[in-house]
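The following block contains a protein sequence and its predicted model.
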Amino acid sequence: MYRPVLHAAWPADDDASSTAADYDDDGLTHIQLYVHETFPGPNATAMTVLQSPLGAATSTFGSMGVVDDEIRSGPDRSSSALLGRYQAVFFGMSLEQGKGFLSAVSLVFTAGEYAGSTLSVEGPILGFTGTIERAVVGGTGRFRLAQGYMLWTMISNPTANTSVNEVHLFSPLGATNSSFGAIGVVDDEIRAGPNRSSPLLGRYQGVFFGTSLELGKGYLSSISLVFTAGEYAGSTLSVEGPILGFTGTIERAVVGGTGKFRLARGYMLFKMISKPTPETDVNESI
């Protein structure tokens, strides 16, 4: 029985310190950020662009404002990293002055771990004291199909014209709640043993497609084991089948091959046996 061992390497985050991301007691991803805002003047990042038709002095009903605040990694503007922009529009929807606004927000990440991704937040602002909670309704990039909630609290006024707001984002199952429609590629090493110093025999090359609406629960895979050294050099094996999870032993069908494996039929058992580093794993294949 032939037992090649597959060595896989996973990409690591280059800037793990850019945001405070962890998991809360409910298993939700928790990201902590700081939004720095400037109100009046030529450098304002938040302003009312349309006053209430009932009069600005007595009502915010029908008013409209825009926001383009800085997202930073910490509360100190001079020492914290700029991570992106907190861009929003808000509309006055209450006849009572300052008591009700509808907001639509985009957190646009331009640096750090989430650079190139965005988060969409929507919901009412019923007042500006205490903690404001709004819903995370979607996103792009690392946050595709995101859902969850955002907690916003003003924590300081460094000057009369500026404020610092602490933001906590909570989203279930990481940045997204589904792998449906995801596409991935693999080009792992095939070696003779579990130690990476063992002889290199070829490549485990494949493509997989997310076929389940539940995160990580269903993939369709198509694999080629390409042998470049050893007894089977110049031959290939073709393997296809579903991946219903990543724990235990995964069984898939051998459906063909080339060279010494022409017309091959059988099955492959795949099991992760060790994880030498956070970015690598070793898998035994039979």
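Received it, and whenever you're ready, just let me know what you need.

Can you classify the nearest residue to L95 once chain neighbours are set aside as helix, strand or coil?
By the measure of CB to CB, 6 or more residues apart in numbering, the closest residue to L95 outside its immediate chain neighbours is F61, 5.0 Å from it. Placement of C-beta: from N, CA and C, glycine included. Following DSSP: H, G, I helix; E, B strand; the rest coil, F61 is assigned to coil.

close enough to count as contact, F61 and F101?
No. F61 is beyond contact range of F101, at 10.2 Å (criterion: CB atoms under 8 Å).

quick check: mean pLDDT across stretch 128-144?
Stretch 128-144 comes out with an average pLDDT of 90.

and if you look at stretch 159-172?
Per-residue pLDDT values over stretch 159-172 give a mean of 89.

picking that back up, anything in contact with each of F61 and F101?
Shared contacts of F61 and F101, defined by CB atoms under 8 Å, 6 or more residues apart in numbering, comprise G92, M93, S94.

Neighbour count and distance to M272 added to the residues you listed, as a markdown table?
Below are the shared contacts of F61 and F101 laid out as a markdown table (neighbours: other CB atoms under 10 Å; distance: CB to CB, whole Å):
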| residue | neighbour count | distance to M272 |
| --- | --- | --- |
| G92 | 25 | 55 |
| M93 | 15 | 53 |
| S94 | 17 | 56 |
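
Would you mind putting these into a markdown table with pLDDT alongside?
Formatted as a markdown table, these follow (pLDDT from 0 to 100):
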| residue | pLDDT |
| --- | --- |
| G92 | 91 |
| M93 | 89 |
| S94 | 84 |
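
So which of those residues are in strands?
Under the assignment DSSP state E, the shared contacts of F61 and F101 contribute G92 to strands.

Quick check: of the shared contacts of F61 and F101, which lies closest to F143?
F143 has its nearest neighbour among the shared contacts of F61 and F101 in M93, at 27.1 Å by CB to CB.

My guess is that closest one contacts K99. True?
No. M93 lies out of contact with K99 (CB under 8 Å); the separation is 9.4 Å.

On the three-state scheme, the residue most central in space within the chain is what?
In the chain, the C-alpha nearest the mean C-alpha coordinate belongs to R142, at 3.1 Å (CA atoms, centre = their mean). Three-state secondary structure (criterion: three-state DSSP) places R142 in helix.

That one contacts L119, correct?
No. Look at R142 against L119 with CB under 8 Å: they stay out of range, at 9.2 Å.

Tell me who's in contact with I125.
Counted by CB under 8 Å, 6+ apart, I125 has contacts F90, G100, F101, L102, S103, I132, R134.

Export these to TSV and append columns for secondary structure and neighbour count.
Listed next are the contacts of I125 as TSV, based on DSSP: H, G, I helix; E, B strand; the rest coil; neighbours: other CB atoms under 10 Å:
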residue	secondary structure	neighbour count
F90	strand	20
G100	coil	17
F101	strand	21
L102	strand	14
S103	strand	18
I132	strand	20
R134	strand	17
